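got a sequence here, can you model it:
(one chain, ligands or ions: 1)
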Amino acid sequence: MGACGRQRVLFENMAWQGVVGHDDVVEWFRRSMARNRLAHTYLFTGPPGVGKRTFAERLARTLLCPASDRHTLLPCGQCDSCRQAAAGTHPDLLMVSKPPDRNVLAIELFVGGRDHRMQQGLCHDIGLKPFLGHRRVAIIDDAHDLNEESANCLLKTLEEPPPHSVIILCAVSQERVLATIRSRCQWIRFGGLPSEALAKLLLKQGVAEDRESAERLAAYAEGSLGRAAELADPQVWQFRRELLAALAEQPLNSVALADSALKFVDQAGREAVARRRRGKLVVQFAIEFYRALVRWLCDAPTSADADLADAVARAARHSGISGEMPIACVDRCTDALDHVDRYVHQGAWLPALFDDLARILQPASTARS
Ligand SMILES: [Zn+2]
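Got it, this is the predicted structure:
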């Protein structure tokens, strides 16, 4: 939760152009607006934390502001509309997102609770006449977590959107949004930031203290500023240090490794996406370790930091470790990484991964045939 708040503050100070790294999308909307060809419904997709929601909010302010600049796509920032949007009290700006304690966007958000069905909720409110200007804008965050009931209600609105409405759905990927919803939206993709630009941004925003840590965060952040802010957590790097030290042991204590990895996943809270990301990180750290070990065993230069270099040097000292072993470990980890998104429970695949790694690294004399 802390990371989210922090991320919001980070984006808040950014102008449209350049900094957010989505100039192509800005340009696309600028042209659509200039030609008066805005769609009624948009689907924004991209990795978590790349700024989809922030972009949607900024676009909403522009669409609602009567004095917005069509060339820069910037709202005036001074009118009633802009002030109310900034304060979160704009009557024509509707926002829906998943409550922190829920896994789905519940039907109540769209059509009201049982006692007020069809008299409240986003599908009702978007049909009301604009209060301030001539538009109403709705932003639906976490649209990949619509359940069937909610999706069906929303679908009716998307089939016949009110003439004055613009509805923006934000989701992590197009595949995770129901096809029926998808087909009614104009699809806009948000890519990640290049890691060099991201590292600079992390320094500028004070997320990282020095260039080395900025580059390290950027390397793992998959182009996402939000993700980088999340990774700027000492807990993550403490875990990496312990993981690397444990991976350097021979034989591998797969039970202890799985326990500490699962504890690390649990620290992310209950949200499935955050837990999956931590699971991925465990595997990414392991891959990094085995790759560095391969290079060490071949006397190839590595760009390892102190923790990694130390762990690799200790691992390489064990007799019976041959170059093929860490290569097989990288393969096994890469395979796990490819499947992380399919697993619901980290509790099953993480222990299996460490068991397999321990088996691969067993010296030939003790290996069972
Ligand atoms: Zn304005």
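
rest of the way, CA atoms for contacts and neighbours
Fine.

enumerate the residues of the stretch 201-350 of the chain near the ion.
Residues of the stretch 201-350 of the chain found near the ion (C-alpha under 5 Å from the ion): none.

which part of the stretch 201-350 of the chain gets nearest to the ion, residue-wise?
residue 205 (26.6 Å; C-alpha to the ion).

what residues sit buried inside the lengthiest helix in the chain?
Ranked by number of residues, the top helix in the chain under DSSP state H is helix 272-297. By neighbour count with 16 or more other C-alpha atoms under 10 Å, helix 272-297 contains the buried residues 274-276, 278-287, 289-294, 296-297.

which residues in the stretch 251-369 of the chain form helices?
Assigned by DSSP state H, counting those that start in this stretch, the helices in the stretch 251-369 of the chain fall at 254-266, 272-297, 306-317, 324-339, 346-360.

nope, the stretch 1-150 of the chain is what I was after
2-12, 23-34, 52-64, 80-87, 108-111, 122-125, 148-159.

which residues touch the fifth one?
Contacts with helix 108-111, where a contact means C-alpha atoms under 8 Å, 6 or more residues apart in numbering, come from 96, 114, 117-124, 150, 153-154.

around the ion, which positions in the stretch 51-200 of the chain sit nearby?
Of all the residues in the stretch 51-200 of the chain, those lying near the ion are 65, 76, 77, 79, 82, going by C-alpha under 5 Å from the ion.

so what pLDDT did the nearest residue to residue 240 once chain neighbours are set aside get?
Among residues not flanking residue 240 along the chain, residue 285 sits closest, at 6.8 Å (C-alpha to C-alpha, 6 or more residues apart in numbering). Note on residue 285: pLDDT of 94.

same question for the one 3 residues further on.
With respect to pLDDT, residue 288 scores 92.

one more: residue 8?
38.

just the buried members of the contacts of helix 108-111?
96, 118, 120, 121, 122, 123, 150, 153, 154.

keeping just the C-alphas, turn stretch 181-188 into CSV.
Listed next in CSV are the C-alpha coordinates belonging to stretch 181-188 (Å, rounded to 0.1, in the frame of the first residue of the first chain):
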residue,chain,number,x,y,z
ILE,A,181,-15.5,-6.3,-23.0
ARG,A,182,-12.3,-6.1,-25.1
SER,A,183,-14.2,-6.1,-28.4
ARG,A,184,-16.1,-2.9,-27.4
CYS,A,185,-13.0,-0.9,-26.5
GLN,A,186,-10.4,1.0,-28.4
TRP,A,187,-7.2,-0.7,-27.2
ILE,A,188,-4.2,1.4,-26.1
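
picking that back up, select only the buried ones of the residues of the stretch 51-200 of the chain next to the ion in ChimeraX?
Selection of buried members from these for ChimeraX, criterion 16+ other C-alpha under 10 Å:
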select :65,76,77,82
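
mind putting the residues of the stretch 51-200 of the chain next to the ion into CSV with distance to residue 333 and pLDDT?
Below are these laid out as CSV (distance: C-alpha to C-alpha, whole Å; pLDDT from 0 to 100):
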residue, distance to residue 333, pLDDT
65, 50, 95
76, 50, 90
77, 49, 90
79, 54, 95
82, 49, 94
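
what is the nearest of the residues of the stretch 51-200 of the chain next to the ion to residue 31?
residue 65 (17.6 Å; C-alpha to C-alpha).

the closest one against residue 79, yeah?
Yes - judged on C-alpha atoms under 8 Å, residue 65 makes contact with residue 79 at a distance of 7.3 Å.

which residues touch residue 101?
Taking C-alpha under 8 Å, 6+ apart as the test, residue 101 contacts no residue whatsoever.

distance check, it against the ion.
35 Å (C-alpha to the ion, to the nearest Å).

pLDDT score assigned to that residue?
Residue 101 is given a pLDDT of 79.

same question for residue 158.
At residue 158, pLDDT is 96.

what's the answer for residue 16, then?
Note for residue 16: predicted pLDDT of 52.

sorry, back to before: the residue of the stretch 201-350 of the chain closest to the ion - how many residues pack around it?
Residue 205 is flanked by 14 other residues according to other C-alpha atoms under 10 Å.

quick one, phi psi at it?
When read as degrees, to the nearest 10, the backbone of residue 205 gives phi -80, psi 0.

oh, and call the first residue 50 from now on, that's how I've got it
That works, and once the first residue is 50, the last one we named lands at residue 254.

out of the helices of the stretch 300-418 of the chain, flag the one nearest residue 230.
helix 321-346 (21.3 Å).

how near is the residue of the stretch 150-299 of the chain found nearest the ion to residue 141?
Closest to the ion within the stretch 150-299 of the chain is residue 182: 10.6 Å, counting by C-alpha to the ion. As judged by C-alpha to C-alpha, to the nearest Å, residue 182 and residue 141 stand 8 Å apart.

who does the strand of greatest length in the chain pair up with?
Looking across the chain with DSSP state E, the single longest strand is strand 214-220. For strand 214-220, the paired strands and their directions (DSSP bridges) are strand 90-94 (parallel), strand 185-189 (parallel).

in CSV, list those strands along with mean neighbour count and mean pLDDT.
Output for these, formatted as CSV (neighbours: other C-alpha atoms under 10 Å; pLDDT from 0 to 100):
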stretch, mean neighbour count, mean pLDDT
strand 90-94, 24, 96
strand 185-189, 25, 97
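
any chance of a markdown table for the ones you listed, columns distance to residue 267?
Shown next, in a markdown table, are the strands paired with strand 214-220 (distance: least, C-alpha to C-alpha, whole Å):
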| stretch | distance to residue 267 |
| --- | --- |
| strand 90-94 | 21 |
| strand 185-189 | 28 |
